[in-house]
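Novice: The sequence and its predicted three-dimensional model are supplied below.
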Amino acid sequence: MMVDITARGGNDQIESELLEVLISSFRVNSTPKKIPMKAVSNLGKMLSLILPKNVEKIVLVVSKDYLGSEKSFVESTKIIFPSASVNVLFSHKLDKDSLLAYFK
């Protein structure tokens, strides 16, 4: 599934249509946590530091440059959040040096 995301400065903005899909379909918080990819040597550990312990859903949005890597993103997240539903979406516009984590 390809989606478009626009990241602006420290306040990440996405198109209203995508935000609507994230909130209505995935029912996640509309404010993402932005993570630099260079800090993702251990994604699960990084997410455990910035997300609440009791998250039910996690949607990771990464650059289309990472197509084919979704399994590794899901597996490393499930190690720390085994009961959470984890989805990975790819963006045409998101910088390959950033990852956005939406959660509920």
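Specialist: Thanks, I have it. Residues are numbered from 1 along each chain as shown.

Novice: Can you pull out the low-pLDDT segments for the chain?
Specialist: Residue ranges of the chain with pLDDT under 70: 1-20, 30.

Novice: ok, which stretches of it are helices?
Specialist: Listed in chain order, the helices of the chain (DSSP state H) span 16-21, 43-50, 70-80.

Novice: Reformat the ones you listed as JSON lines; add mean neighbour count.
Specialist: To be clear about C-beta, it is placed using only N, CA and C from the backbone, and glycine gets the same treatment. Shown next, in JSON lines, are these (neighbours: other C-beta atoms under 10 Å):
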{"stretch": "helix 16-21", "mean neighbour count": "13"}
{"stretch": "helix 43-50", "mean neighbour count": "16"}
{"stretch": "helix 70-80", "mean neighbour count": "16"}
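
Novice: To Leu94, which of these lies closest?
Specialist: helix 16-21 (11.0 Å; C-beta to C-beta).

Novice: Output the helices of the chain in CSV, with distance to Asn29 appended to each entry.
Specialist: Formatted as CSV, the helices of the chain follow (distance: least, C-beta to C-beta, whole Å):
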stretch, distance to Asn29
helix 16-21, 11
helix 43-50, 12
helix 70-80, 16
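
Novice: Just tell me which of those helices ends up closest to Lys34.
Specialist: Lys34 sits nearest to helix 43-50 of all the helices of the chain, at 9.8 Å, using C-beta to C-beta.

Novice: Report how many residues lie close to Leu22.
Specialist: Leu22 is flanked by 22 other residues according to other C-beta atoms under 10 Å.

Novice: ok, it touching Leu60?
Specialist: No - using C-beta atoms under 8 Å, Leu22 makes no contact with Leu60, being 11.5 Å away.

Novice: Residues that sit against both of the two, list them.
Specialist: Common contacts of Leu22 and Leu60, defined by C-beta atoms under 8 Å, 6 or more residues apart in numbering, comprise Tyr102.
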